[in-house]
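**Student:** A predicted structure for the sequence below; I have some questions about it.
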Amino acid sequence: MAASPGTERLVLVAREAFGTIRYVGDPLGDALCVLSAAAVEDRRRVGFPVPPWDLIGIYTQGRLLSPPRSG
């Protein structure tokens, strides 16, 4: 799921931010919350000047909304 790259990044830049995230039990919604938190913290702490969605695209390698793999 897309939350993994966001989770990994958030652990690196602001582990304490996990305590402020409100999980709703929806996998996509929860993934977006974590990814958004990682992007906000990257911009704030590291000073990345790019928009949050660009960072989210980097974290997910452009596959946030890709169709599911058949298998």
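**Tutor:** Everything's here; your move.
**Student:** C-alpha only now, for contacts and for neighbours.
**Tutor:** Noted.
**Student:** Next, the buried residues of stretch 20-36.
**Tutor:** Under the neighbour-count criterion of 16 or more other Cα atoms under 10 Å, stretch 20-36 has 30-36 buried.
**Student:** start to end distance for that stretch?
**Tutor:** 12 Å (Cα to Cα, to the nearest Å).
**Student:** just to revisit the earlier point, between the buried residues of stretch 20-36, which sits nearest Thr60?
**Tutor:** Among the buried residues of stretch 20-36, Leu35 lies closest to Thr60 (Cα to Cα), at 8.8 Å.
**Student:** And the pLDDT at the nearest residue to the closest one once chain neighbours are set aside?
**Tutor:** The spatially closest residue to Leu35, leaving aside those adjacent along the chain, is Gly6, at 4.4 Å (Cα to Cα, 6 or more residues apart in numbering). pLDDT, Gly6: 77.
**Student:** repeat for the one 3 residues further on
**Tutor:** Among the per-residue scores, Arg9 holds a pLDDT of 82.
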